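*Asks:* This is a predicted model, with the sequence first.
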Amino acid sequence: MRKLLLVTALGLGAASLSASSQAADTGFYARANVGQTDLGGSTFYGEDSDIGLGLTVGWRFIPWLSVEAGYSQLGEHDYDCGGEVCPAVVLPPIKLDSIELGLAACVPFGDSGWFGQARLGMHRWDMDIEGVDNLSGDSDNDLYYGIGAGYQFNERFNLSLNLDRYELDNVESDVDRIGLGFEVAF
């Protein structure tokens, strides 16, 4: 009975490795990001931070370059005038979202499993003002870019630490996100 279980476990392990290597050959992948977003340099929102989430899908059309599309929730940021002379009206919280399209480069550091990456693209950001029904906020198209480093566990899974900047030209500050990305190749 033990031999049968051992042979079955080895067979299932080999099949899953074979399936994951075949899946990684398509070049398609998905990445989930979670981290901290900072709305830096804002006069009225201070250096407010929140949790940022993102989901990206991509296609690696050559081994080191891919095209990506994604959605990021860049957090909800609360009013904070930072101890300066504050306006008489308290501003409501703002919520920032982004839809992205760009390129990503990935360079392995030898055969160690470690890699470096860089991203550049355009994003359509949307700012919603919480609690105000008749005011839609603001939106525009701007650049996003980032760098990261990570470790590839096998042909299918990797984990990375990323630092991304989302420019917001119509607003007086940009959003920075530092977070972990978990990627699965298909």
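*Replies:* Nice, I can see it. Numbers count the residues shown, from 1 in each chain.

*Asks:* Tell me how far residue 70 lies from residue 146.
*Replies:* 12 Å (Cβ to Cβ, to the nearest Å). (Each C-beta comes from the backbone N, C-alpha and C, glycine too.)

*Asks:* What of residue 105?
*Replies:* 11 Å.

*Asks:* can you list residues touching both of those two?
*Replies:* Here residue 105 and residue 146 have 118-119 as joint contacts, going by Cβ atoms under 8 Å, 6 or more residues apart in numbering.

*Asks:* neighbour count winner among these two?
*Replies:* Each of residue 105 and residue 146 has its neighbours counted (other Cβ atoms under 10 Å); residue 146 has more, 20 against 14.

*Asks:* SS state for the nearest residue to residue 124 once chain neighbours are set aside?
*Replies:* Nearest residue to residue 124, sequence neighbours excluded (Cβ to Cβ, 6 or more residues apart in numbering): residue 99, at 4.8 Å. The three-state assignment at residue 99 reads strand, by DSSP: H, G, I helix; E, B strand; the rest coil.

*Asks:* For residue 99, give me its contacts.
*Replies:* 69-71, 123-124.

*Asks:* ok, these vs residue 180, which is closest?
*Replies:* Taking Cβ to Cβ as the measure, residue 180 lies nearest residue 70 of those, at 15.1 Å.

*Asks:* Can you list the strands that the one helix or strand that closest one maps to pairs with?
*Replies:* Using DSSP states H and E, residue 70 falls within strand 65-77. Using DSSP bridges, the strands paired with strand 65-77 are strand 49-62 (antiparallel), strand 94-108 (antiparallel).

*Asks:* Quick check: mean pLDDT of that strand?
*Replies:* Averaged across strand 65-77, the pLDDT comes to 92.
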